[in-house]
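In: next comes the sequence, and after it the predicted model I'd like to discuss.
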Amino acid sequence: MKLYVSVAARIRALIDESVLRPGDKVFSLRQASQKYNVSISTALKAYELLEADGLINSHPQSGYYVSPRKAASKRETPRREFNLSHAELVLSTLRSIREFGTIPLGSPFPDAHLFPVKAIHRYETTLNSDEAEWGVLNDLPPGNESLRQQIAKRYLKHGLDVSPRDIIITHGATEAINLCLQAVAKPGDTIALESPGYYALAHAVERMGMKVAEVRTHPTEGIELDALAALIQNVKVGALLLTTNFQNPLGALMPDAKKKALVDLLAQQQIPLIEDDVYQELYFGDEIPKLTKSYDQQGLVLHCASFSKSLAPGYRVGWTLAGKYRRDVEKLMFLNSVSIPSAPQIAIAKFMKRDSYEQHLKNLRHALKCNYVLMRKAIEDSFPQGTQISTPTGGYVVWLELPEAIDSLNLYQQCLEKGISIAPGPLFTRKKELINYIRLNFSHQWTPSIEQAVRDVGSLARKMLANQPS
């Protein structure tokens, strides 16, 4: 076998095994030469072979990148089914990110490369049994004391004087929300949610045998208080579950005055508010967004957050500040999980104490803001005239309203066939609406492949519009 063919086969294997994923930069010619012990000219021939096969593409003055993965055939591509249930549509979309959506514009998760995972892992792997803070008994609910102290310091920075005793560590924000729901409501109760809103919150409610009541949500200012008040007057609401800071999928940031009015409205009716605040640290401006918890005088606000979007996405470490329901939530945590593993809690606490958590957050916010600017430019250049683009001031998702004639589920399917995932609007509501909306994720490193994927989505949308009967 010729040397360049062998080199091409080895790189092809890396792509087939998803070690190198679509959009990833491939080794430079010099790096490939050194890695495979061949001349640069041999490495170039290997790259030319891979490029001819459509596996990589070159970008002048930038290098080589893994190409978007194309479906092998029409028969192998999952076709849209118009009678999919909401849960099936969610599962289909999540699977597409891994299996077909090799350019993950539809992902609900931030790019892991943004986080200091290796540094945290080093703290985890150097733990030993002699450390006083190590062990399950030390980390029974409410959780590791050192970590709770670090979280309490973050609350102080945000204007809340919180005792570490009031913080309960959980398996991510999802468990925190589930425990809070169990503490304030029972099966059969109605839980008010935003619409459009993140589908996982509605699923959490329904899994517990509770009913979902969707409330109209403003694209930039969050839940509509008049619509919420009307619902409360007509339906007995067990709790409200929402995201006030950089809501997913809208990216909406509720103004401080509206947060206070919301808390006052709920306090009048003694309705608990479960605040999902996983994006709060991802603000682009100079001012830290206030927590709804800041206006809570009666302990009715249960604040839930995690490190999954700000520091350690794979560690599943979250927490809740549950107000008057703290004892109930702590008891439920003990009954449900006993405790979460000690090592991740200790490792994160040590990183926050010893490393520059603030500098990491500053870098993270800067990267996300830059990515948003680049994605917005690509959208403006390539999407159909009349497309409305949200203007998030934090987070990592952008919400698009396409011309009414465009069906986002059809667009979703066509994007899958080109190896691109998007999140269609119907994911974010139980109602038969939001057909011409999509959500895109801008957290991933901005590469020529990511930019081309955004432009390809816009091109497909333009073609769909042009093909509409006049």
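Out: Now that the structure is in, tell me what you want to look at.
In: CA atoms for contacts and neighbours, from now on please.
Out: OK.
In: domain map for this structure?
Out: What automatic domain parsing lists as the domains of the chain is 3-66, 86-114+360-466, 117-354.
In: tabulate those in a markdown table, adding columns for mean pLDDT and mean neighbour count.
Out: Output for the domains of the chain, formatted as a markdown table (pLDDT from 0 to 100; neighbours: other C-alpha atoms under 10 Å):
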| stretch | mean pLDDT | mean neighbour count |
| --- | --- | --- |
| domain 3-66 | 82 | 17 |
| domain 86-114+360-466 | 91 | 20 |
| domain 117-354 | 92 | 19 |
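In: how far away is Leu302 from Gly318?
Out: As judged by C-alpha to C-alpha, to the nearest Å, Leu302 and Gly318 stand 13 Å apart.
In: looking at this protein, which helix is longest?
Out: Longest helix of the chain, by residue count under DSSP state H: helix 357-382.
In: helices or strands next to that helix in the packing?
Out: Contacts defined by 3 or more C-alpha pairs under 8 Å, 6 or more residues apart in numbering; DSSP states H and E place helix 357-382 against helix 448-466.
In: list the helices and strands the helix it packs on packs on?
Out: Packed against helix 448-466 by the contact rule (3+ C-alpha pairs under 8 Å, 6+ apart) you find strand 63-66, strand 103-104, helix 357-382, helix 408-417.
In: any chance of these in CSV, plus distance to Lys331?
Out: Shown next, in CSV, are the helices and strands packed on helix 448-466 (distance: least, C-alpha to C-alpha, whole Å):
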stretch, distance to Lys331
strand 63-66, 49
strand 103-104, 39
helix 357-382, 31
helix 408-417, 43
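In: now do the helices in the stretch 101-250 of the chain.
Out: Assigned by DSSP state H, counting those that start in this stretch, the stretch 101-250 of the chain shows helices spanning 117-125, 145-157, 172-184, 199-207, 225-234.
In: who wins for proximity to Asp407 among these?
Out: Between Asp407 and the helices of the stretch 101-250 of the chain, the tightest spacing by C-alpha to C-alpha is seen for helix 199-207, at 19.4 Å.
In: what about that closest one, distance to the chain center?
Out: Computed by C-alpha atoms, centre = their mean, to the nearest Å, the chain-centroid distance of helix 199-207 equals 16 Å.
In: other residues contacting that helix?
Out: Residues from elsewhere that reach helix 199-207 (C-alpha atoms under 8 Å, 6 or more residues apart in numbering): 90, 178, 181, 191, 193, 211-212, 241, 427-429.
In: if you set the cut-off to 7 Å instead, what comes out?
Out: Contacts to helix 199-207, defined as C-alpha atoms under 7 Å, 6 or more residues apart in numbering, come from residues 178, 211-212, 427-428.
In: what's the most distant pair in those residues?
Out: Asn178 and Leu427, at 20.6 Å, using C-alpha to C-alpha across these.
In: with just CA atoms, put the longest strand that the chain contains into PDB.
Out: Assignment by DSSP state E gives strand 211-218 as the longest strand of the chain. What follows is strand 211-218, C-alpha atoms only, in PDB (Å, rounded to 0.1, in the frame of the first residue of the first chain):
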ATOM      1  CA  LYS A 211     -50.500  19.000  34.300                       C
ATOM      2  CA  VAL A 212     -48.800  21.600  32.100                       C
ATOM      3  CA  ALA A 213     -50.500  25.000  31.600                       C
ATOM      4  CA  GLU A 214     -48.600  27.100  29.000                       C
ATOM      5  CA  VAL A 215     -48.300  30.800  29.500                       C
ATOM      6  CA  ARG A 216     -47.600  33.300  26.700                       C
ATOM      7  CA  THR A 217     -44.000  34.600  26.900                       C
ATOM      8  CA  HIS A 218     -42.600  37.800  25.500                       C
END
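In: which residues in the stretch 301-450 of the chain form strands?
Out: Applying DSSP state E, counting those that start in this stretch to the stretch 301-450 of the chain gives strands spanning 301-306, 317-321, 388-389, 397-401, 420-421, 423-424, 437-441.
In: tabulate these (TSV), appending distance to Ala52.
Out: Putting the strands of the stretch 301-450 of the chain into TSV (distance: least, C-alpha to C-alpha, whole Å) gives the following:
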stretch	distance to Ala52
strand 301-306	45
strand 317-321	45
strand 388-389	37
strand 397-401	34
strand 420-421	21
strand 423-424	31
strand 437-441	30
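In: for Glu51, find the nearest of those.
Out: Glu51 lies closest to strand 420-421 among those, at 19.3 Å (C-alpha to C-alpha).
In: adjacent strands (with direction) for that closest one?
Out: Counting by DSSP bridges, the strands paired with strand 420-421 are strand 103-104 (parallel).
In: list the contacts of the partner strand.
Out: Contacts for strand 103-104 (C-alpha under 7 Å, 6+ apart): 22-23, 68, 97, 419-421, 450, 453.
In: how near is Gly395 to Pro22?
Out: Look at Gly395 and Pro22: by C-alpha to C-alpha, they are 24 Å apart.
In: check which helix or strand the closest residue to Tyr295 other than its chain neighbours maps to.
Out: Leaving aside its sequence neighbours, Tyr295 sits nearest to Lys260 (C-alpha to C-alpha, 6 or more residues apart in numbering; 5.7 Å). If you go by DSSP states H and E, Lys260 is part of helix 256-269.
In: what is the subsequent helix or strand relative to that helix?
Out: Downstream of helix 256-269 (by DSSP H and E), the next one is strand 273-276.
In: re earlier: which among the helices and strands packed on helix 448-466 is found nearest to Phe442?
Out: When the helices and strands packed on helix 448-466 are compared by C-alpha to C-alpha, helix 357-382 sits nearest Phe442, at 5.8 Å.
In: quick check: angle from the closest one to strand 397-401?
Out: Put simply, helix 357-382 runs at 20 degrees to strand 397-401, going by axes from the mean of the first three to the mean of the last three C-alpha atoms, to 10 degrees.
In: compute the inter-axis angle for helix 357-382 and strand 437-441.
Out: Using the same axes, to 10 degrees: helix 357-382 against strand 437-441 is 140 degrees.
In: report the distance from helix 357-382 to the chain centre.
Out: For helix 357-382, the separation from the chain centroid amounts to 15 Å (computed by C-alpha atoms, centre = their mean).
In: next: stretch 327-335.
Out: That offset, for stretch 327-335, works out to 27 Å (C-alpha atoms, centre = their mean).
In: which residues touch that stretch?
Out: 141-142, 168, 179-180, 183.
In: at 10 Å what do you get?
Out: 140-143, 166-171, 175-184, 302, 320-323, 326, 336, 338-340 (C-alpha atoms under 10 Å, 6 or more residues apart in numbering).
In: what about Gln280, distance to Gly209?
Out: Relative to Gly209, and taking C-alpha to C-alpha, Gln280 is found at 29 Å.
In: tell me the contacts of Phe292?
Out: Just so we're on the same page, residue 292 is Thr rather than Phe. 243-245, 254, 256, 258-263, 273-275, 277, 301-303.
In: let me see the backbone angles for it.
Out: With angles defined as degrees, to the nearest 10, Thr292 sits at phi -60, psi -30.
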